[in-house]
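Undergrad: Here is the input, now give the coordinates:
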Amino acid sequence: MKIIPYILYLYLLAFFYSILSEIITIYGVTIDLTVLMIALIVFYKSEEAALWFSSAAAIIAATQRPSSMPWEIISLAGVAVIANQLKLRMNLESLVSRLIILGGFLLIHNIAITASISLDNFAFVFIRYIIPGTAYTLLVGWLIFFFSDNRSLLKSANEPS
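TA: Reported below is the predicted structural model:
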């Protein structure tokens, strides 16, 4: 396992949380890049890589709320292991199946973090922030999956027979 790309992913995540997240926020709803990156690693790499990356990414993601760091680590690592087990048992050739797993991953993580912070007005937070944030991240995930699938199709179509 090469570690340099994962370190670069962690730097990208830190850059996102320090600078980019405020720029790409739409009406208070932002992309959950941590979950998206962990899902990409779960889908394309090993369980070991997904587990240690999710722990390191949770530490970076929790720098905004240090009191929620244990919940970030537990929710991200736990869901990474569950998503990896689903990956091993399901056919993930379909774009829809990857998006369903990503959507479940997003919902579980956001509900766990919101519940660990406060349960006051949970229904409002769920409708106002969690559902739109999940949709926003799923849209970006769909674009990433779509272009990565088509890139591999184009690469195989351009190879000489």
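Undergrad: buried set for stretch 69-78?
TA: Trp71, Glu72, Ile73, Ser75, Leu76, Ala77 (16 or more other C-beta atoms under 10 Å). Quick note: C-beta positions are derived from backbone N, CA and C, even for glycine.
Undergrad: average model confidence for it?
TA: On average, the pLDDT along stretch 69-78 is 89.
Undergrad: CSV please, covering the buried residues of stretch 69-78 and showing distance to Leu33 and secondary structure.
TA: Listed next are these as CSV, based on distance: C-beta to C-beta, whole Å; DSSP: H, G, I helix; E, B strand; the rest coil:
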residue, distance to Leu33, secondary structure
Trp71, 18, helix
Glu72, 13, helix
Ile73, 17, helix
Ser75, 15, helix
Leu76, 12, helix
Ala77, 17, helix
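Undergrad: quick one: which of those is nearest Phe147?
TA: Relative to Phe147, the closest of the buried residues of stretch 69-78 is Leu76; by C-beta to C-beta it sits at 24.7 Å.
Undergrad: Please name the residues that touch that closest one.
TA: Counting by C-beta atoms under 8 Å, 6 or more residues apart in numbering, Leu76 touches Thr34, Val35, Ile38, Ser54, Ser55, Ala57, Ala58, Ala61, His109.
Undergrad: ok, now with 6 Å
TA: Ser54, Ala58 (C-beta atoms under 6 Å, 6 or more residues apart in numbering).
Undergrad: The closest residue in space to Ser21 that isn't next to it in sequence: neighbouring residues, count only.
TA: Closest residue to Ser21 apart from its sequence neighbours, by C-beta to C-beta, 6 or more residues apart in numbering: Thr30 at 5.4 Å. Residues near Thr30, counting by other C-beta atoms under 10 Å, number 20.
Undergrad: heads up, I number from 34, so please use that
TA: Sure, I'll start numbering at 34, so the last one becomes Thr63.
Undergrad: my read: Thr63 touches Leu53, true?
TA: No - at 9.3 Å, Thr63 does not count as touching Leu53 under the criterion of C-beta atoms under 6 Å.
Undergrad: thinking again about what came up before, got JSON lines for the buried residues of stretch 102-111, with distance to Ala47 too?
TA: Formatted as JSON lines, these follow (distance: C-beta to C-beta, whole Å):
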{"residue": "Trp104", "distance to Ala47": "20"}
{"residue": "Glu105", "distance to Ala47": "14"}
{"residue": "Ile106", "distance to Ala47": "16"}
{"residue": "Ser108", "distance to Ala47": "19"}
{"residue": "Leu109", "distance to Ala47": "15"}
{"residue": "Ala110", "distance to Ala47": "19"}
